[in-house]
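# everything below, folded, please.
(3 chains)
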Amino acid sequence: MVVLAAGSGSDLFFPKVYDLIWSSVVLVVLLIVFAKFVMPKFNKVMNERAKKIKGQIEDATAMKQDAQKLKEKYDELLGSAKMEAEKIRQEARSQADQIVAEAQERAAAEAEKIRQEAKADLEAQKAKALSDLSAEVGSLAVSMASKILGSELKDPGVQTSMSDSAISRIGSGEEK
Amino acid sequence: MPELLLASGPDFPSVSELLPNAPLFHGTIFAINSIILIRLVATALILLIMCIAAARAKVVPGRFQSAVEWVIDFLRSSIVYEFLGEAQGERYTNLIVTLFVSIFLFNFCENIPGANVAADTTIAMPLILAVWSLITYWAAGIRTKGLWKFLKDELLPKGVPWPIYILLVPINLLEIIIIRPFSLTIRLFINMVAGYLLVGLCFAATQWFFFSTGWDLKWIGAVSLLGGFVMTCFEMMVDAIQAYIFSVLTAAYIMLSIPDSSEVGAGDPVKASKLQAKIGSNKAKSLSKVKG
Amino acid sequence: MLDVTTLAAVTGSVSVIGYGLAAIGPGIGMGMIAGKAIEGTARQPELGGRLMVLMLLGIAFVEVIALLGFVLAFIQ
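Numbering: from 1, shown residues only, chains lettered A, B, ... in the order given. Predicted coordinates:
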């Protein structure tokens, strides 16, 4: 109430000439200084920063791509190396198997040979023993018989034929 | 009756304080009264602050520079680019930043002890600012469309049956010549006057209750002091909002003057929806800053 | 004012009553704008910033009407 009663309220809405002039001066000065100095400077600085940040981001992206490439390469290498190792292991294993098989084969063959040789040896010894024995037995038998029969068998031809037939009979008897 | 009340009651602020005499250069057209003096000092401060900030601007910003840049960036992205687009808006950034920074700091003078009144609490300053806004959107329209095309778009919106034009043309003409700058002026000016009166009312009451009444009434002074604090905080908010509104509306008026890429018909409701569509078309990225 | 008997008189500024009347409509309008903006934000919080700007713009337009009442209260 007091507020409104005091002073002429409508004067508020009629600008005075000097007020208008000072307002214009102020606005013009502000506009000129902002347009000519403040904003260009800030724009420049902000653009520079934006450019710098953009450059840094690009650098970082490039570095990341490089790293990615390197990693791919490394992965590839690692993969091929793993495959290589696997191959080598396979080969080694098959080679080892082969060696073992060969060794076994050779051992078996050796063993067979040794057995064959031993068998042959045995046969030979046996044959020799038999022939030795037959001669010995023949002479023994003849001497025994001559001792028993005296001089009846003086003729050597009779001796031989008799002993031989006896031995062959014994031998065949033994064979059975 | 008023004199009686004045004599016995609190020293309430009155409109006459907003119509001070002009002691300096009295009688000439360069007369300076107290509000103009505050305005000149505020202008000098704004120029000083901004020029120091600009002169010291570096690529790696300090705290002060970051604050100033935050304001500029906010205005650019949430007002200029939002309404005018990056291509057309770039040339109006200076204007919007100047308007916002100066209006906000002029308004803020009302919270500064010693000044106590906003630097634009005479109608001349808001009027000049609004006239500058008017000149800008007329110039923008004429520059991009030519005078006749601009007037045709503004006065003869498409998609309206012709008899309506008889009504519409004067209304639109009034709108683009008088109503827009007038509403800008009144909005800013009256907000500042109301702010001055409200805060002054609270503190005048405090003074009166503390020093001119008996002990039984002094508590009312405490209440009004608290009210004064609250009102001061509220006024700080109003200062920022009014500066923001002034800038946004100037940008919106420029937007309505320059050709739209879609070039849908005009007419005020359509224009309003165009405005909204334009705001809506952009992502909320920059606008979410308004909230924060 | 010669023969009229004054039965009741209003003292003080009548224009303040006018301002009070003028503030009713914009007050309701602003309340609706703010309320709708809050509703919209509650429905779609991600649009909050955009709605805030639209709300401020709407309030600015409505506010002028209330401010005109304030202006007329000064002009007697």
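
# give me the pLDDT value at residue 116.
No chain specified, so I'll use chain A. At A:Gln116, the pLDDT value in this model is 93.

# right idea, wrong chain: chain B
83.

# same check, this time on B:Ala266
40.

# please enumerate the helices of chain A.
Assigned by DSSP state H, the helices in chain A fall at A:2-5, A:17-33, A:39-149, A:156-175.

# again, but for chain C
Along chain C, counting by DSSP H, helices occupy C:14-43, C:48-74.

# out of those, flag the one nearest B:His26.
Smallest distance to B:His26 across the helices of chain C (C-beta to C-beta): 25.5 Å, for helix C:48-74. For glycine as for every other residue, the C-beta is placed from the backbone atoms N, C-alpha and C.

# A:Ala35 touches B:Asn94, doesn't it?
Yes - between A:Ala35 and B:Asn94 there is a contact at 4.6 Å, judged by C-beta atoms under 8 Å.

# hmm, back to that, highest average neighbour count across the helices of chain C?
Mean neighbours per residue, mean count of other C-beta atoms under 10 Å in any protein chain shown, is largest over the helices of chain C for helix C:48-74, with a mean of 19.

# ok now the helix or strand B:Val199 falls within, how far from the chain's centre?
Following DSSP states H and E, one finds B:Val199 within helix B:180-212. How far helix B:180-212 lies from its chain's middle: 16 Å, per C-alpha atoms, centre = their mean, to the nearest Å.

# how about it, which residues are buried there?
Within helix B:180-212, the residues that count as buried by 16 or more other C-beta atoms under 10 Å in any protein chain shown are B:180-193, B:195-206, B:208-209.

# now do stretch B:213-228
Buried residues in stretch B:213-228, counted by 16+ other C-beta under 10 Å: B:221, B:224-225, B:227-228.

# of those residues, just say which sits nearest to B:Ile36.
Once C-beta to C-beta is applied, the member of the buried residues of stretch B:213-228 that ends up nearest B:Ile36 is B:Gly228, at 26.2 Å.

# wait, is that closest one part of a helix?
Yes - assessed by DSSP: H, G, I helix; E, B strand; the rest coil, B:Gly228 belongs to a helix.

# any idea how far B:Ile241 is from it?
Using C-beta to C-beta, to the nearest Å, we find B:Gly228 at a distance of 20 Å from B:Ile241.

# any low-confidence regions in chain C?
Chain C contains residues with pLDDT under 70 at C:1-4, C:76.

# how about 90 then?
C:1-20, C:22, C:47-54, C:56-61, C:63-76 (pLDDT under 90).

# and the residue of it nearest chain A?
C:Phe74 (3.1 Å; C-beta to the nearest C-beta).

# next, count neighbours for the residue in chain A that chain C sits nearest to.
At 3.1 Å from chain C, A:Gly9 is the closest residue in chain A, using C-beta to the nearest C-beta. A:Gly9: 24 surrounding residues under other C-beta atoms under 10 Å in any protein chain shown.

# how about it, nearest residue that isn't a chain neighbour?
Closest residue to A:Gly9 apart from its sequence neighbours, by C-beta to C-beta, 6 or more residues apart in numbering or on different chains: C:Phe74 at 3.1 Å.

# let me see the contact set for that neighbour.
A:4, A:9-10, A:12-13, B:15, C:15 (C-beta atoms under 8 Å, 6 or more residues apart in numbering or on different chains).

# and what of C:Ala66?
C:22-23, C:26-27.

# which one is residue 26 nearest to, not counting chain neighbours?
With no chain named, the answer covers chain A. A:Val26's closest residue in space is B:Thr43 (C-beta to C-beta, 6+ apart), at 4.8 Å.

# should've been chain C
Excluding its sequence neighbours, the residue lying closest to C:Pro26 (C-beta to C-beta, 6+ apart) is C:Ala66, at 3.8 Å.

# from C:Gly20, how far off is the one you found?
Per C-beta to C-beta, C:Ala66 is found 11 Å from C:Gly20.

# what does A:Glu105 give?
121 Å.

# over to B:Pro181?
Going from B:Pro181 to C:Gly20 by C-beta to C-beta gives 28 Å.

# again, but for B:Tyr165
39 Å.
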